[in-house]
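K.L.:
quick one, structure for this:
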Amino acid sequence: MFAEIDADTRWQDCMMVTVGIALVASPFLMEYPQQYISQNAFATGLVIAIFALFSLFTPGLWEEAVLLMLGCWSVASPWLLGFSDNRSAALIVVAAGGIVLISALWAMKDEDRNRTTSDSFEER
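P.N.:
Residues are numbered from 1 along each chain as shown. Presented below is the predicted three-dimensional model:
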């Protein structure tokens, strides 16, 4: 049912779980001034952590694509939601989103490489 976790190739998902949990905790630790900033960080972090956990145990490209979109949302959300003037909140959300974005791209590259390698072995 679940694929074995390969620590060498799934470290990106572990990192994204950690970033998601940190983003969930950030409203409680940083005490953001507006509730919508806290809600955005909490909800985005929770969804990132859930999808990264799911991707950790059942690796596939679609999970990484969702995480890539969540990373893009996190990076853009300070400007889209209008809290870019709150530097600490914006920095945390943008940094977390950047880490998720880069990790998702890296995981997609690794997943594609693993599929290409396994396909070439099956052809032999």
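K.L.:
list the buried residues for the helix or strand containing residue 36?
P.N.:
Take DSSP states H and E as the rule and residue 36 turns out to sit in helix 35-57. Within helix 35-57, the residues that count as buried by 16 or more other Cβ atoms under 10 Å are 37-38, 40-42, 44-45, 47-49, 51-56. The C-beta positions use only the backbone N, C-alpha and C, and glycine is treated the same way.
K.L.:
likewise stretch 12-31?
P.N.:
12, 13, 15, 16, 17, 19, 20, 22, 23, 24, 26, 27.
K.L.:
how about the CA coordinates for it, as PDB?
P.N.:
This file holds the C-alpha atoms of stretch 12-31, laid out as PDB (Å, rounded to 0.1, in the frame of the first residue of the first chain):
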ATOM      1  CA  GLN A  12      12.600  17.200   0.300                       C
ATOM      2  CA  ASP A  13       9.300  15.900   1.600                       C
ATOM      3  CA  CYS A  14      10.700  15.700   5.200                       C
ATOM      4  CA  MET A  15      11.800  19.300   4.800                       C
ATOM      5  CA  MET A  16       8.400  20.400   3.500                       C
ATOM      6  CA  VAL A  17       6.700  18.700   6.400                       C
ATOM      7  CA  THR A  18       9.000  20.600   8.800                       C
ATOM      8  CA  VAL A  19       8.300  23.900   7.000                       C
ATOM      9  CA  GLY A  20       4.600  23.300   7.100                       C
ATOM     10  CA  ILE A  21       4.600  22.600  10.800                       C
ATOM     11  CA  ALA A  22       6.700  25.700  11.400                       C
ATOM     12  CA  LEU A  23       4.300  27.800   9.300                       C
ATOM     13  CA  VAL A  24       1.400  26.400  11.400                       C
ATOM     14  CA  ALA A  25       3.200  27.300  14.600                       C
ATOM     15  CA  SER A  26       4.200  30.800  13.400                       C
ATOM     16  CA  PRO A  27       1.000  32.600  14.300                       C
ATOM     17  CA  PHE A  28       1.200  31.400  17.800                       C
ATOM     18  CA  LEU A  29       4.900  32.200  18.200                       C
ATOM     19  CA  MET A  30       4.900  35.500  16.300                       C
ATOM     20  CA  GLU A  31       1.500  36.900  17.300                       C
END
